[in-house]
Each structure stands twice: as C-alpha cells, then as structure tokens.
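Peer 1: I need the structure of the sequence given here:
(chains A, B, C and D)
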2 protein chains.
Amino acid sequence: MIDTDVQLAHFVEEMGLVFTEMGGSRMAGRVLGRLLICDPPHQSSAELAEALMASSGSISTVTRQLVQGGMIERIAVPGERATYFRIRPGMWAESVRVRMAMLSLMRGSAERGLELLASAPAARRRRLEEFRDFYAFMEEQTPALLEAWARKRAMEER
Amino acid sequence: MIDTDVQLAHFVEEMGLVFTEMGGSRMAGRVLGRLLICDPPHQSSAELAEALMASSGSISTVTRQLVQGGMIERIAVPGERATYFRIRPGMWAESVRVRMAMLSLMRGSAERGLELLASAPAARRRRLEEFRDFYAFMEEQTPALLEAWARKRAMEER
DNA sequence: CAATGGTTTCAGTCCTTACTGAAAGTTCCG
DNA sequence: CGGAACTTTCAGTAAGGACTGAAACCATTG
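Peer 2: Residues are numbered from 1 along each chain as shown, chains lettered A, B, ... in the order given. Okay, the predicted model is just below:
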C-alpha cells in the first residue's frame, strides 16, 4: 500500500527525535533510521538526501560522523560512481564501546578531582571516590556485557 | 593554599564540559561538580551562584532539573531561609536508571518499526530485530548491573 | 580530455536552548 | 505586619550547532 511509505517516513522522523533525546543529532538519527528499514539495505548519499528531504551537504557531514563512529560503513560498487552506505554489522556493540569512552572521560575527571583533594580529610574525598569507583565499575563491566551479547547473538543465529 | 580554589574551579568547569559531551547542560555539570567537592557538602542556591559566577535564575532551573532527575536533593535547615542542595546518596545508580528509560525509548521505536514491516520478508526485518533485541538485552541486564554495584558498595563500606 | 554524475567543502542562515537580569514570590524575623 | 534574605519565574538575549545551497572537487565514461 501507498501509505506504508509515509509511515516509514514517520519512523525515520521518530528515530531523529529519539536521537536528539540521547544527545545525538537529528539527522544522524534519521539516516540510521532510514538505513534500518530501506530496501535494499544500502543507500547512496543522493538516495538518502532524497528520502530524508535533506541537503546533500548535511548528508555528507552526518555520514562521515557515523562512519567514524563505527555505526555505518561505506560500500563501493565497481563501475558505479555512487558510494553506498549501510548499517555496519555489529553497530550496536560498537555504540556501547563509543559510550565507554565517555565513561572513562568521567572517571578521568573524578581522578583529577581526587588529586586536587589529595590531602583533604577522608570525609571530603568520599563523594569523589564514589564517583570514580562507579565509573570504574561500569567500565570494568562493559566488556563482559558485550561478550554476553555476542554469545547470545551467536546462539540465536546459527 | 590559595590556588587550590582556582584549581577546584577548573575541575568544576571540566565537569561542565564533560557533561555537555554526554548530552547534558554545562551548568548542570558545573553544579554537580561543585557539589562533589565543596565543603560542607551542601550549598545554597546563592552560594552556588556565587561560586559558579552564574545567575540565580540559571541555578534555580538547573537545580530543579537535577532534583527531578534524582541527582541532587534539597535540604532544609530549621530557622533558615535558604534551601540547600547536596549530592543525592545513590545518585550514580539513579543516573543509570534514567538512562535506562532511554533504552526503552529506543526499543519502543524498534518495535514500532517492526510493526510497519510486519509483512515484509524476514531478511528485511532482520536489521530492526537486531536493533530491538539489543536494547531489550541492555534493559534486561541493567538491573543486575546495579545490584552488583550495590553489593560492591555494601561490602566496601562496612 | 570533455562531459556527466556524484560527493564534499564551506560560508551563511536558522533554530534551539542555555543563560541572564529584573520583578514577583516566599519565608523567616523583629 | 513590615522588612530583610533568599529563591523562583519569565521575558528577552546570546551562544552554539545543525542544516542549507552553491561552488569546488573527484571519478567514471564516451
């Protein structure tokens, strides 16, 4: 039916909004949304621009960001000028790894704070210690979480 | 020494930047940073405004947000007009719970997408299924993670 | 090597949202 | 109850970043 298209567009917009909610950019969410539902699973910049009614410029910047972030990848087809993009296999695990970098940013700040209070009474240091310990804990647990996900994936797939 | 103060201010600013990086607001990061290192551990709005060189207005809005998000709490002292704020015990676990709400937002979008492709071939649905499964998995694992953190905390403390 | 199809770059515009400052509101005290 | 200390509200401003559109760039084909 014809209004599947408009509903899919709606889904894409929703992804844009959810992404802004999570601190990302709207267009990045839209591109990912589109690449999640399109058929075939790869799209050229021009196709994305058309489908999302966005300028070629913003598609270019946002695809670059997503490629750098490991969320999507470029595909080249011999005898074609266009370069295509598709969801990168394993992108979800990758998104967690990216997030993990932020965890260690936080932990770093906590540690720098603790250095400043190196000679302060223990009671005053406690808040920062808990802060640091929490992010250290999260960082520590993340790899196991990703492994569990990989195992689950492997089980279900084959 | 006197330049501890300027270094602490530096820490506070760093927290502001890290927070923007994570999708929060700069001032929220500054307030949390300040509340992590200040002595005593509670501060009035006016004290925060002074220490952060911010307007009383922005302190008011940002403290409200942080209270609603479970990051800080209000303290009232009898016979005092000022209301004080301090880091809420357990704020780190709370921050994960807040984040978990976003996970379920994402899963919700994935599910709505899948409904749209209900009658599409399995190959086309696969990307969305992985998307949904991933966030479902994360949501599922989070409580256990928080319990592990709580246990660790309890062990070390007493 | 010119022409065409496609992508990137970049300067400028627009939109959003954080922040300010002043006025209004609240709470405690004499 | 009037006044002082403090906080919240709100309209307006400022700052930052996303997006556009046009021009430059690159690659493939005749």
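Peer 1: Please, which helix or strand holds the residue sitting nearest the centre point of chain A?
Peer 2: Relative to the mean C-alpha position of chain A, the nearest C-alpha, by Cα atoms, centre = their mean, is the one of A:Ser95, at 4.1 Å. Element membership of A:Ser95 [criterion: DSSP states H and E] is helix A:91-116.
Peer 1: buried set for that helix?
Peer 2: A:91-93, A:95-96, A:100, A:103, A:105-107, A:109-110, A:112-114 (16 or more other Cβ atoms under 10 Å in any protein chain shown). C-beta coordinates here come from the backbone N, C-alpha and C atoms, glycine included.
Peer 1: what residues does stretch A:90-107 touch?
Peer 2: A:69-72, A:88, A:131-132, A:135-136, A:138-139, A:142, A:145-146, A:149-150, B:18, B:21-22, B:130-131, B:134, B:138 (Cβ atoms under 8 Å, 6 or more residues apart in numbering or on different chains).
Peer 1: The helix holding A:Ser95 to helix B:91-116, inter-axis angle?
Peer 2: 170 degrees (axes from the mean of the first three to the mean of the last three Cα atoms, to 10 degrees).
Peer 1: Which element is encountered next along the chain beyond helix A:91-116?
Peer 2: Following helix A:91-116 toward the C-terminus (DSSP H and E): helix A:122-157.
Peer 1: And chain B, is that following helix touching that?
Peer 2: Yes - Helix A:122-157 is in contact with chain B by Cβ under 8 Å from any Cβ of the partner chain, via A:124, A:127-128, A:130-131, A:134, A:137-138, A:141, A:145, A:148-149, A:152-153.
Peer 1: Going by neighbour count, list what's buried in that helix.
Peer 2: A:125, A:127-128, A:130-138, A:141-142, A:145-146, A:149, A:153.
Peer 1: any idea of the angle it forms with helix B:91-116?
Peer 2: Using the same axes, to 10 degrees: helix A:122-157 against helix B:91-116 is 20 degrees.
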